[in-house]
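**Student:** Whatever this is, show me its structure:
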Amino acid sequence: MRFILIILLVLVFIYSLALVLLNSTPVTVDLWFTHVPEMRVGLLILITLALGVILGLLIGVQAFKVFQSHWEIKRLNKEIDRLRKEQVESAQQAAREAAANARHEKTVLDIHANDKSPL
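**Tutor:** Have a look, this model is predicted:
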């Protein structure tokens, strides 16, 4: 894999060098606030391409982080909903058990009250 990457980088370098050498017409670039000194068209194309790739990568990384955060928020909201549902079910189960214990205690008290005979 590393060998393929090295070959690819060498090919990109050779292509870039050929682009600069074959497009040797000097041009001036006029920005609104400044002038860039004369440079070859090929070099200008390479600089523009490099800036575009860098900007694209930065924006892509930021967009991925935003989407990743969005996915994480959705996952955590689902987890919160699941835990809330589990909490409600647990509270309902505890209430049923408390009601059953209360009925059992009342029944036991009623039985003991009937066992006592009047003196």
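**Student:** CA atoms for contacts and neighbours, from now on please.
**Tutor:** Fine.
**Student:** for this structure, which spans come out with low pLDDT?
**Tutor:** For the chain, the stretches flagged by pLDDT under 70 are 104, 106-119.
**Student:** Give me the residue at the spatial middle of the protein.
**Tutor:** Gln68 (1.1 Å; Cα atoms, centre = their mean).
**Student:** now the helix or strand hosting that one: how far from the chain's centre is it?
**Tutor:** Assigning secondary structure by DSSP states H and E places Gln68 in helix 41-115. Mean-position distance between helix 41-115 and its chain equals 15 Å (Cα atoms, centre = their mean, to the nearest Å).
**Student:** Stretch 16-34 too?
**Tutor:** Stretch 16-34 has its average C-alpha position 40 Å from the chain's average C-alpha position, going by Cα atoms, centre = their mean.
**Student:** what does stretch 32-42 give?
**Tutor:** On the basis of Cα atoms, centre = their mean, the separation between the geometric centre of stretch 32-42 and that of its chain is 40 Å.
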